[in-house]
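[1] could you work out the structure for the sequence below:
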Amino acid sequence: MIGIAPITWTHGGEKMQTTSGKKSKDSTSHGKGYNILIVEDEKILSDSYIIILERHGFHVDIACNGREGVERCKSSNYDLILLDIMMPILDGIGFLRVFSKIKMAKRPRVILLSNMSIGSEIEEALKLGAHKFMLKSQLEPDHLLKLLRRELAASA
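    Below is the predicted model of the structure:
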């Protein structure tokens with residue numbers, strides 16, 4: 001098993017640190033088994049998201065680029081997708097173009113994540129079916145969890 005480097009963040013004003021992607025004893029069930037796909041090429045970010053989300057009861061899959069994300073969507077059902085815009089092989093806009101053509105019983109909500117706020121790309125992504133845009137640099141764990149719960153409630 002490959003270990004994950006310790007990740008430190010603030011959660012509810014309390015400093016948190018973890019060294020594994022496993023759920024801690026104080027995990028909560030806020031995720032209620034929702035399936036989340038993270039399409040992100042930056043490993044440290046995807047590892048951080050996994051730790052935060054699994055700790056709160058979410059089931060998380062990772063895709064390192066848009067093409068891998070499309071393949072995962074064809075073989076699994078997701079409740080929500082966190083999508084980076086700038087990635088190798090197939091970027092977030094390309095993912096959305098292909099994703100919009102996949103036949104699904106229920107289409108998951110898509111939240112765009114990026115460190116760049118390029119209006120034209122965000123506008124295009126929203127036209128292609130994304131629901132929200134968030135700057136990664138401003139996304140604290142508490143805010144991420146609130147955003148996911150709000151978006152999942154809106155899709156219910």
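[2] can you give me the neighbour number for E123?
    11 (other Cβ atoms under 10 Å). Yep, even glycine has a C-beta here, placed from its N, CA and C like the rest.
[3] now it: how far from D142?
    28 Å (Cβ to Cβ, to the nearest Å).
[4] go on, H56?
    Counting by Cβ to Cβ, the gap from H56 to D142 is 11 Å.
[5] which one's more surrounded, those two?
    Legend: neighbour count by other Cβ under 10 Å for H56 and D142, higher for H56 (20 against 14).
[6] was I right about the more buried one contacting L144?
    No. Counting by Cβ atoms under 8 Å, H56 does not reach L144; the two are 9.7 Å apart.
[7] where does Q17 land on pLDDT?
    Note for Q17: predicted pLDDT of 45.
[8] how about F133?
    88.
[9] bridge partners for the residue nearest to A154 when sequence neighbours are not counted, pull those for me.
    Ranked by Cβ to Cβ, 6 or more residues apart in numbering and with sequence neighbours excluded, the top spatial neighbour of A154 is R109, at 7.0 Å. Per DSSP bridges, the residues bridged to R109 are L80.
[10] wait, what's in contact with R109?
    D79, L80, I81, H131, K132, E151, L152, A154, S155 (Cβ atoms under 8 Å, 6 or more residues apart in numbering).
[11] packing partners of the host helix or strand of D47?
    Following DSSP states H and E, one finds D47 within helix 43-55. Applying 3 or more Cβ pairs under 8 Å, 6 or more residues apart in numbering; DSSP states H and E, one finds that helix 43-55 contacts strand 7-11, strand 35-39, strand 59-63, helix 141-155.
[12] what's the local residue count around E54?
    E54: 18 neighbours (other Cβ under 10 Å).
[13] so it makes contact with S48?
    No. If you go by Cβ under 8 Å, E54 and S48 don't touch, sitting 11.2 Å apart.
[14] for stretch 144-152, C-alpha coordinates in CSV please.
    Extracted C-alpha coordinates of stretch 144-152, given in CSV (Å, rounded to 0.1, in the frame of the first residue of the first chain):
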residue,chain,number,x,y,z
LEU,A,144,-16.6,22.1,-0.2
LEU,A,145,-18.9,20.0,2.0
LYS,A,146,-21.6,22.6,2.1
LEU,A,147,-21.4,23.1,-1.6
LEU,A,148,-21.7,19.4,-2.3
ARG,A,149,-24.7,19.0,0.1
ARG,A,150,-26.5,22.0,-1.5
GLU,A,151,-25.9,20.6,-5.0
LEU,A,152,-26.9,17.1,-4.1
